[in-house]
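# build me a model:
(one chain, ligands or ions: 1)
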Amino acid sequence: MSTHIAAAKGQIAEGILLPGDPLRAKFIAENYLEKPERFNEVRNMFGYTGLYKGRRVSVMGTGMGMPSHSIYVNELIREYGCKRLVRVGTCGSLRAEIKVRDLIIAISASTDSAVNKVRFRGMDYASAPSFRLLKAAYDAAVAAKLPVSVGKVVSSDSFYTEDPDQWKLWARFGVIGVEMETAELYTLAAKYDVEALSILTVSDHLVTREETTAAEREKSFGAMVEVGLAAALAE
Ligand code: HPA
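Predicted coordinates for the structure are as follows:
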């Protein structure tokens, strides 16, 4: 039992998928894992461990935004020994050619959050994923013929920004997607010398304003889960 997770030591696998939504964690456990066992329901932040292709893997929700994500990732690494943490989330696309339902694998995460400004005493940290996990995910996506882009994302503290054109500055500097968690995931993984990756389905489009329906999100989400499992179980 850690402060926010009710699992016993040993109940959580070294490889774990991290959707923001706890009901996505439940969906993944029920549809992709054999013999899933729930290890957490504190705050309804469901977490499960089961088998995928005979190998132990976990999945747990982390909520929205870096403060919530950070709490769970800290405890998963420090209290439960997680070693391969793979976010499976959604993002907004900042590039016309990257369409809704496409996959983005985050090769870096900038942020407008103060969290790393405080942590690094005003200096900037370039948060980046595990190349090993990135390669495993990219290879799986290509093998499955999924539309996938590997590129820079920005992790924002605000879904509803004061300036609706805020994203254009990031886009000008080569950022292709906006979401709310990856910078903290990558920074914590580096701090504790474990591996992390963010795989994101494009759920909305800042350039074209196109959005996905719930049914479409469900379908592309399934493809992302398979790619995420390839990374979480990377040998
Ligand atoms: N902004 C921030 N986070 C997001 C978005 C967005 O447009 N889409 C999915 N997560």
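# so which bits of this protein are right by the ligand?
Applying CB under 6 Å from any ligand atom, one finds that the chain approaches the ligand through T90, C91, G92, S156, F159, V178, E179, M180, S203, D204. Where C-beta positions appear, they are placed from N, C-alpha and C, glycine not excepted.
# among these, name the ones in helices.
Counted as lying in helices by DSSP state H, out of the residues of the chain next to the ligand, is not a single one.
# from those, list the buried ones, please.
For the residues of the chain next to the ligand, a burial check counting by 16 or more other CB atoms under 10 Å picks out T90, C91, G92, S156, V178, E179, M180, S203.
# pLDDT score for the second one?
So the one you mean is C91. As summarised for this prediction, C91 has a pLDDT of 97.
# that one reaches S203, doesn't it?
Yes. Contact status for C91 versus S203: in contact at 6.9 Å, counting by CB atoms under 8 Å.
# can you show me the strands along the chain?
15-18, 34-40, 47-52, 55-60, 84-93, 103-111, 148-155, 175-179, 195-205 (DSSP state E).
# show me the beta-bridge partners of the residue sitting nearest the centre point of the chain.
Most central residue of the chain, judged by C-alpha distance to the mean C-alpha position with CA atoms, centre = their mean, is R87 at 2.0 Å. Bridge pairing for R87 (DSSP bridges) gives the partners L18, S198.
# ok, it - contacts?
If you count contacts by CB atoms under 8 Å, 6 or more residues apart in numbering, R87 has them with 17-19, 62, 69, 181-182, 185, 196-200.
# for the ligand, state which of these is nearest.
Of all the contacts of R87, L200 has the smallest distance to the ligand: 7.8 Å, by CB to the nearest ligand atom.
# per-residue confidence for that closest one?
L200 is assigned 98 on the pLDDT scale.
# excluding chain neighbours, what is closest to it?
C91 (4.0 Å; CB to CB, 6 or more residues apart in numbering).
# do the same with E211
Once its chain neighbours are removed from consideration, E211 has its nearest residue in D204; the separation is 4.9 Å (CB to CB, 6+ apart).
# and the one you found, how far is that from K219?
Between D204 and K219 the computed distance is 16 Å (CB to CB, to the nearest Å).
# also L200?
Taking CB to CB, one finds L200 at 15 Å from K219.
# ok, now K152?
On the measure of CB to CB, K152 and K219 end up 26 Å apart.
# which one's more surrounded, those two?
Here K152 and K219 are compared on neighbour count by other CB atoms under 10 Å; more neighbours surround K152, at 18 against 12.
# can you give me the end-to-end distance of stretch 172-186?
Using CA to CA, to the nearest Å, one end of stretch 172-186 lies 23 Å from the other.
# okay, buried residues for that stretch please.
Those would be V175, I176, G177, V178, E179, M180, E181, T182, A183, E184, L185, Y186, for stretch 172-186 by 16+ other CB under 10 Å.
# surely the second one is in contact with V150?
I take that to be I176. No. With the criterion set as CB under 8 Å, I176 and V150 do not qualify as a contacting pair; they are 9.2 Å apart.
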